[in-house]
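Enquirer: quick one, what's the 3D model for this:
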Amino acid sequence: MPASFVPVNALGVLCAIGYAGYATTPSHIPWGGYVATILFFVAAVTPMVREYRRLNVGFRDIESSYLDNRRRDHSPPKQELIEPTAPSARFRTDRKGSNRWLYLVTALAIILLIGDITYRQMTRPVQSDSADHIRNF
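Expert: Predicted coordinates:
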């Protein structure tokens, strides 16, 4: 996954929240903006949660191998070397292939946000510039 994926989704969250707050009126509820906010947030947080889980599993393996090495006789009959075992020493590259769905969620959020903005612009009432229009500020 590219390194710029999370910042792009974080920017998407800010844009979608800003648009939804700006466009929310009694005549137009920006459902596309609301759903896009949730989808951008999910796509931004999922890689961080996945990496945390990966690290947590790795640390559990290291902790269990350390505890196994600590439980041995006080005076062993021969000298032994304590080194990482092959399964715990190798780097884990078993990433799940769910990056495609994150790209899909991001694309869907962009489409929803742009679609809602376009719909709002097309259905806005035309403002008149006549002098007899009363404005309350």
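
Enquirer: packing partners of the helix or strand residue 106 falls within?
Expert: Taking DSSP states H and E as the criterion, residue 106 maps to helix 99-123. For helix 99-123, the packing partners by 3 or more Cβ pairs under 8 Å, 6 or more residues apart in numbering; DSSP states H and E come out as helix 5-23, helix 31-70. (Each C-beta comes from the backbone N, C-alpha and C, glycine too.)

Enquirer: reformat the ones you listed as a markdown table; add distance to residue 126 and mean neighbour count.
Expert: Compiled in a markdown table, those are given as follows (distance: least, Cβ to Cβ, whole Å; neighbours: other Cβ atoms under 10 Å):
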| stretch | distance to residue 126 | mean neighbour count |
| --- | --- | --- |
| helix 5-23 | 17 | 17 |
| helix 31-70 | 22 | 15 |
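
Enquirer: could you tell me the least trusted of these?
Expert: Sorting the helices and strands packed on helix 99-123 by mean pLDDT places helix 31-70 lowest, at a mean of 81.

Enquirer: orientation of that helix relative to helix 5-23 in degrees?
Expert: Between the axes of helix 31-70 and helix 5-23, defined by axes from the mean of the first three to the mean of the last three Cα atoms, to 10 degrees, the angle is 150 degrees.

Enquirer: for helix 31-70, packing partners?
Expert: Of the remaining helices and strands, those touching helix 31-70 by 3+ Cβ pairs under 8 Å, 6+ apart are helix 5-23, helix 86-89, helix 99-123.

Enquirer: between it and helix 99-123, how big is the angle?
Expert: Interaxial angle, helix 31-70 versus helix 99-123 (the same axes, to 10 degrees): 160 degrees.

Enquirer: of the helices and strands packed on helix 31-70, which is nearest residue 45?
Expert: Closest approach to residue 45 among the helices and strands packed on helix 31-70 (Cβ to Cβ): helix 5-23, 8.4 Å.

Enquirer: perfect, that will be all.
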